[in-house]
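Could you work out the structure for the sequence below:
(2 chains)
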Amino acid sequence: MSLLARYVALRMASACLTLFGVAILIFASIHALPGSFEEVLVPQATQELRDQIAERYGLDKPIVEQFGLWLARAVQGDLGVSLITQEPVTAEFRRRLPVTAEIAGIATLIAIVIGVPLGILAGLSSHRRFVPGLSRLVGGLAMSVPDFVIGTVLLYYFSRYSLWLTVGDWVPFAEDPIANLRAALLPALSLSLLGIGLVMATARHATISILGQDFIMAAMARGKTPYTVVHQHVLRNAGIPVITILAIYSGYLLGGTIIVEMLFSVPGIGRYLIFGVLNRDYPVVQAGVLLAAAVFILLNMLADVLYAVLDPRLAGGRGQ
Amino acid sequence: MKLPFANDRLSQAGTLVLLLLIALGVFAPLLPIGDPEAIGAGPRLSPPSTEFPLGTDNLGRPMMARIFEGILLTFVLSTIAVLIAGVVGAVIGMIAAYVHHVLDEVISRFADMLFSFPPVLLGLLVTTILAPGIQSAIAAIVLITLPAMVRVVRAATLEVARRDFVVVAEVVGASFGRRLFLHLFPNVAGVVAVQTAYSISLGMLIESALSFLGLGVQPPNASLGSLMREGATYLEIAPWLAFGPGAFLAAAILSVNLFGDGLRAVVDPLEPRPLQ
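Alright, predicted model coming up:
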């Protein structure tokens, strides 16, 4: 087996193990409360009714068996039934996932498209007097303004002056791509600010450290133009740190989409999850947090595999 | 006298703003800005004016007094939570690196698992179990900031654990606690301080996000996040209700981050700073 394949296999095994541990944590923390399901469904129930509910949801079985059943069903794509609406959670997730994924995807795209060039530019001109301070201030500001603050400001100005982007009427992409984009852009913009700051700071830092390397001096000495140097050396070497920071950013996106979906009334997974939390709809919260953690673990694994592809030394070093 | 964070004007400015914000929060009751709980102190939803510099809310309460009160709660909640995470994380991290082997593996795996929860979602899970409120916000911040603290302390301890002075202490029979707190801790205290500063800014972000969603601080208490939540209801007719707390929240988080940058440069002068 090649070194890379071996590394990927090991990394996947460890991701599965972590996910299994996370599933135990989620399940255990929700089932640590006795009588929680009955409290939500019928707060003043008689013992008889409580027993019936417990039987229906399998709460009378030993906890390990309950966990096994839940996990086995979750792996097959059955995430249970909402306590409040009595609808299957998986169907609801499937309907809402594209919406959330679209917003997170656009936000990441904006972060890369704006953050990488700005960061490289700041790194290349870091010898100028005010550039380091200015870029640090801009990057710091982008990372410090919470997504809901920037979202609230956007919401106010765009709805007040009825600028082109829309708030609150979500249209599926298949129905009307333009209207869909008009509705998705504001939530995505609110989320992208943190990403722009993170990517910019990382790209800038990477550029500065790459420019100090000998091979850059050698390339310059061979008479390569600055454009070629950036294109051939800086971009490629800045890739790994930028991928790392994007993997971290994805974790914030998973939480951030919840906030902007509430703020902009977007019918994604986040809104569903918040109502789940407020109503103590345990199966929904359990499934939502598990799904988010699974996505986060998967993205981090992909990032690790991607480094190994970009820099084969990593696969050898870590795999052994 | 030399000022702290010499040659780093931004960190100095950030620290100054941070101290100013804390002072505003602490001394707010003494300032002539009105009583944050005085319902009907002014007209309802009045825009910023000379009498009410940041306007009034839907009950006529002066926003400036409410915001300064909110600043204090935002800082205090996050700081308490991060101090808990710092103490627990430092002890666990040192033990993991020093005792080693099985315990280290168990602790590291556990930290990995906690690390695999996207921050706000771990907060949602905690609020579902504990019910929305200040306690659940603190618990959420502790759980979110703990794994990074453990990792950082563990890595720093691994570097010092095999140095001569620790080995000598072991040989002459110093107790485990003595080695941990007298020999190891002083050598990792710097990283703990830097990590604490960044964790406090993350904690403020988490708390305000949870409060904004209605899952953190509940009325009559007010943090900057919960004030923004209240303000968002009147966004169209009274935007200052949301913009005021939002601006102070952004300034507070930025100032803590800049302070953290300065602190890192002091603790770790050779390490290039990601933001510099």
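
so who does residue 259 touch?
You didn't pick a chain, so chain A it is. A:147, A:148, A:151, A:270, B:120, B:209, B:212, B:213 (C-beta atoms under 8 Å, 6 or more residues apart in numbering or on different chains). For the C-beta atoms, the positions are set from N, CA and C on the backbone; glycine is no exception.

you looked at the wrong chain, it should be chain B
Residue B:259 is in contact with B:11, B:14, B:15, B:18, B:197, counting by C-beta under 8 Å, 6+ apart.

mean confidence score for whichever helix or strand it is part of?
Following DSSP states H and E, one finds residue B:259 within helix B:240-267. Average pLDDT, helix B:240-267: 91.

Do a quick rundown of the helices in the stretch 201-320 of chain A.
A:214-221, A:226-229, A:235-263, A:269-278, A:282-310, A:312-319 (DSSP state H, counting those that start in this stretch).

Just give me the neighbour total for the residue of the stretch 201-320 of chain A found nearest chain B.
At 2.6 Å from chain B, residue A:255 is the closest residue in the stretch 201-320 of chain A, using C-beta to the nearest C-beta. For residue A:255, the neighbour count with other C-beta atoms under 10 Å in any protein chain shown is 26.

Ok, residue B:170 next?
Residue B:170 sits with 12 neighbouring residues when counted by other C-beta under 10 Å.

mind listing what the nearest residue to it once chain neighbours are set aside touches?
Of all residues not flanking residue B:170 in the chain, residue B:179 sits nearest, at 6.4 Å (C-beta to C-beta, 6 or more residues apart in numbering or on different chains). Applying C-beta under 8 Å, 6+ apart to residue B:179 gives the contacts B:98, B:166, B:169, B:170.

Run the chain-centre distance for stretch A:289-306.
9 Å (C-alpha atoms, centre = their mean, to the nearest Å).

thinking again about what came up before, in JSON lines, list the helices of the stretch 201-320 of chain A along with distance to residue A:8 and mean pLDDT.
Shown next, in JSON lines, are the helices of the stretch 201-320 of chain A (distance: least, C-beta to C-beta, whole Å; pLDDT from 0 to 100):
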{"stretch": "helix A:214-221", "distance to residue A:8": "28", "mean pLDDT": "85"}
{"stretch": "helix A:226-229", "distance to residue A:8": "32", "mean pLDDT": "82"}
{"stretch": "helix A:235-263", "distance to residue A:8": "15", "mean pLDDT": "88"}
{"stretch": "helix A:269-278", "distance to residue A:8": "28", "mean pLDDT": "88"}
{"stretch": "helix A:282-310", "distance to residue A:8": "5", "mean pLDDT": "88"}
{"stretch": "helix A:312-319", "distance to residue A:8": "8", "mean pLDDT": "60"}
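
now for these, which one comes closest to residue B:240?
Nearest to residue B:240 among the helices of the stretch 201-320 of chain A is helix A:235-263 (17.9 Å), distances taken as C-beta to C-beta.

Now the closest one: buried residues?
The neighbour-count check on helix A:235-263 (16 or more other C-beta atoms under 10 Å in any protein chain shown) flags A:235, A:237-247, A:249-263 as buried.

likewise stretch A:155-170?
In terms of neighbour count (16+ other C-beta under 10 Å), stretch A:155-170 has its buried residues at A:155, A:156, A:158, A:159, A:165, A:166, A:167, A:170.
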